[in-house]
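Visitor: model this:
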Amino acid sequence: MILPLSLQRLNMKLLALALAVALLFTAGECLDCHKCLPRRAGENCELAVETCKYGKNGCAAAKFTRAPFGQYQKCMALADCNLLKLNAYINIKCCGDNLCNTFDD
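Guide: Numbers count the residues shown, from 1 in each chain. This is a model prediction of the structure:
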């Protein structure tokens, strides 16, 4: 069935509107994580908040159990974060809520 040209244009406009609304809702679901990346391992850093970029769907808080015993907090892909759990020398917390990447000492 072939639609009249005016109906095809209306369908295209509705499709474009639906896509724009969908993009607005997905852009509004940004994740905020604590960010603490020292310049050198073992140094302290100033804690800040960062909004995660596309592809970074989780927060991570990591402590290294071997010298130089550093730590960091940042946005990270949850799949990558979970892979780091396999490293015996890293204690890492992976989470997906706003500002969830704190150290539970």
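
Visitor: residue ranges of the strands in the protein, please?
Guide: Ranges of strands within the chain are 32-35, 48-51, 58-64, 71-76, 90-95, based on DSSP state E.

Visitor: and Phe103, which of the ones you listed is closest to it?
Guide: Across those, Phe103 has its closest neighbour in strand 58-64 (5.5 Å, C-beta to C-beta). Using the backbone N, CA and C atoms, a C-beta is placed for each residue, glycine as well.

Visitor: what does that closest one rub up against?
Guide: The contact list for strand 58-64 (C-beta atoms under 8 Å, 6 or more residues apart in numbering) reads 31, 33-34, 41, 52, 69-78, 81, 84, 89-97, 99-103.

Visitor: Can you name the residues that contact Phe69?
Guide: Listed by C-beta under 8 Å, 6+ apart, the contact set of Phe69 reads Ala41, Gly42, Lys63.

Visitor: how much space between Leu99 and Lys35?
Guide: Separation of Leu99 from Lys35 (C-beta to C-beta, to the nearest Å) stands at 10 Å.

Visitor: Please identify which of these two sits among more neighbours.
Guide: The residue with more neighbours, out of Leu99 and Lys35, is Lys35; 19 against 13, by other C-beta atoms under 10 Å.

Visitor: That one - nearest residue in space that isn't next to it in sequence?
Guide: Nearest non-adjacent residue to Lys35, counting by C-beta to C-beta, 6 or more residues apart in numbering: Glu50, 4.1 Å away.
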